[in-house]
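Novice: sequence and predicted model, in that order:
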Amino acid sequence: MPPVLHVLTPNGQHKCAGEYTPVAGEAANGQPIWRQSAGPFWLYSGIKGMWIIGGNEAKGQNFQCSHGNIFCRVLHSGVTPDKVSGTWSRLEGDSFIEDEDIQITTTIAKPFSLRIVSPNGQQKCAGEYQLVVGEMANGLPLWRQKGGKCWLYSGSNAMWIVGSTDAKEQNFNCTRGVLCTKIPHGGLMPDRVNCVWLRLSGETFHEDSSITVSIKPAPLYLQSPNGQQRCAGEFVPVADKMANGQPLWEHIGGKCWLYSGVNGMWIVGGADAKTKDFLCTRGVIYCKTAHGGLMPDKLVSGWLRLEGEKFREDAAISISTKPSTLYVMTPNGQHRVAGEYRLVPGEIVHGQSVWKQRKGNYRIFSSRGGSWQIAGAEGKDSDFQHAEIALRCDASHHGAMPNKAAGTWSRLEGETFEEDPDVRVTTVLNKPAKLHVKSPNGQQRCAGEYVLVAGTTANGQPLWRQMGGKYWLYSGTNGMWIFGSSGAKEKNFDCSRGVIYSNTPHGGIMP
């Protein structure tokens, strides 16, 4: 018997929608009964062997009837409501009509993160809302504004409402709020309700077609190896703004944006596009195909970049929801885990992507329980079930990438895990372009200026070369920073040769 059933009825009989749970120890006509979690309805088997959703009238007759507002004409023959075949019908006026949109299911897709945009008023309600795990409001999920005081909940009138602390104080058993759907949701999630939203202005509500509630877009990662590299890297969604009706992303460096131009194409533009509020087509990278509502990561070809005064097609440009490169820093222990990790194409563990250490045997992967972990390759052949975990983030990732995982990472210390707030997983490694080295008491020949060797790494870490000299500053195979000469260079730095080295492994921290 399903422990919970969800009823969706978007076209009518909205009050019947929501969560239903079994009534322990009770049955109707030899079948289980489910009761609406926050309402006066029951899902029961009628005397004719059909599943019915009925109210107090059916309850008053101890369900020895066929009274209800929604039913399935097909005899269930003992099959539970979520698996019964046939179309459900709902009461419309004095008669029943078939409604193919009515669904009864054991699971419901609850977005972990939603984004509200309200440009014309009640802007304090705009931004990101996160699912409150384990809590419900009138039998439906509840979201709380990140960094704010607002809540997105299902009101007692079966409409989605954005309210504040006064609604919270009433345990959401109310209809208080400043934004709401125009019609009852019928069990559909806030991003799926097909109606205009209403906004409180003064003392009355007005329709506002500019209000949008959508699943928060994922961060995007752009690669452009052949040019316009300043645009490469991570783009994060702008929480409270859209551009030409589409999501807007800002580069973490703050100098460029990924937006939908007035021509319906995805464009990477700079400050000049922002100055025009993105009502333009300005940029240095764009996709020549109009997106038609597809997100940038779904367009796998047709990207062009500005080179000189002309745009050239560049097949190497790509945009993905998964970072191609991650950097792990762990300065306090498990130093061998630190370094650069590359996305492994096509490798999936527990439904998520895998990243492999560039100069090592460690991998970043998702546990079966939905949290990010880092372990050695010895468990690879068994989905890492028997691998010794070196680092883990106990917070569930909910599909967020390792660099976006909530919560503190822990590292294995002896036989137990210790929380370590200094452990970081990031897409950006701040590599100094120049380093100045002093060694007054000896090995003075190593002193001087060192410059970053662009595009080259040693054991997964950056590499610097002495200006006008013969020395290199590199990460050795022992995880320490080392000043070495031609002997190390000849071994392609796959060694620990040198004349100066750090006293402890660096754990991914720069020299």
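Specialist: Okay, I see it.

Novice: where does pLDDT dip in this structure?
Specialist: For the chain, residues meeting the criterion pLDDT under 70 lie at 377-383.

Novice: quick one: residues contacting G147.
Specialist: 127-128 (Cβ atoms under 8 Å, 6 or more residues apart in numbering). Just so you know, the C-beta spots here come from the backbone N, C-alpha and C atoms, and that holds for glycine as well.

Novice: what does stretch 44-64 rub up against?
Specialist: Contact with stretch 44-64 is made by 7, 13, 16, 28-31, 33-34, 40-43, 65-77, 81, 84, as judged by Cβ under 8 Å, 6+ apart.

Novice: report the buried members of those residues.
Specialist: Buried subset of these (neighbour count, 16 or more other Cβ atoms under 10 Å): 7, 13, 16, 28-29, 31, 33-34, 41-43, 65-72, 76, 81, 84.

Novice: isn't H206 right up against W197?
Specialist: No - counting by Cβ atoms under 8 Å, H206 stays clear of W197, with 10.1 Å between them.

Novice: these two: which is more packed in?
Specialist: Between H206 and W197, W197 has the larger neighbour count (other Cβ atoms under 10 Å), namely 23 against 11.

Novice: phi, psi of that one?
Specialist: Per-residue torsions, W197: phi -100, psi 150 (degrees, to the nearest 10).

Novice: so it touches V213, yeah?
Specialist: Yes - applying Cβ under 8 Å, one finds W197 in contact with V213, separated by 7.3 Å.

Novice: please name the bridge partners of S154.
Specialist: Beta-bridge partners of S154, counted by DSSP bridges, are W160.

Novice: list the contacts for it?
Specialist: 18, 137-141, 160-161, 172, 185.

Novice: I161 and Q170 touch, don't they?
Specialist: No - taking contacts as Cβ under 8 Å, I161 lies outside contact range of Q170: 11.7 Å.

Novice: can you list residues touching both of those two?
Specialist: R176.

Novice: neighbour-wise, which of the two wins?
Specialist: Neighbour comparison, I161 and Q170: the larger count goes to I161, with 24 against 13 (by other Cβ under 10 Å).

Novice: now the more buried one, nearest residue through space, not along the chain?
Specialist: Distances taken as Cβ to Cβ, 6 or more residues apart in numbering place G177 nearest to I161, at 3.8 Å, with adjacent residues excluded.

Novice: sec struct for that neighbour, please.
Specialist: coil (DSSP: H, G, I helix; E, B strand; the rest coil).

Novice: quick one: it from K110, how far?
Specialist: Distance of G177 to K110, computed by Cβ to Cβ, to the nearest Å: 20 Å.

Novice: ok, now G121?
Specialist: Distance of G121 to K110, given as Cβ to Cβ: 28 Å.

Novice: looking at those two, which one has more neighbours?
Specialist: The residue with more neighbours, out of G121 and K110, is G121; 17 against 14, by other Cβ under 10 Å.

Novice: ok, the more buried one touching L198?
Specialist: No - look at G121 against L198 with Cβ under 8 Å: they stay out of range, at 11.2 Å.

Novice: shared neighbours, these two?
Specialist: Here G121 and L198 have D208 as joint contacts, going by Cβ under 8 Å, 6+ apart.

Novice: and S475, what is it in contact with?
Specialist: Each residue near S475 by Cβ under 8 Å, 6+ apart is listed here: 339, 458-462, 481-482, 493, 506.
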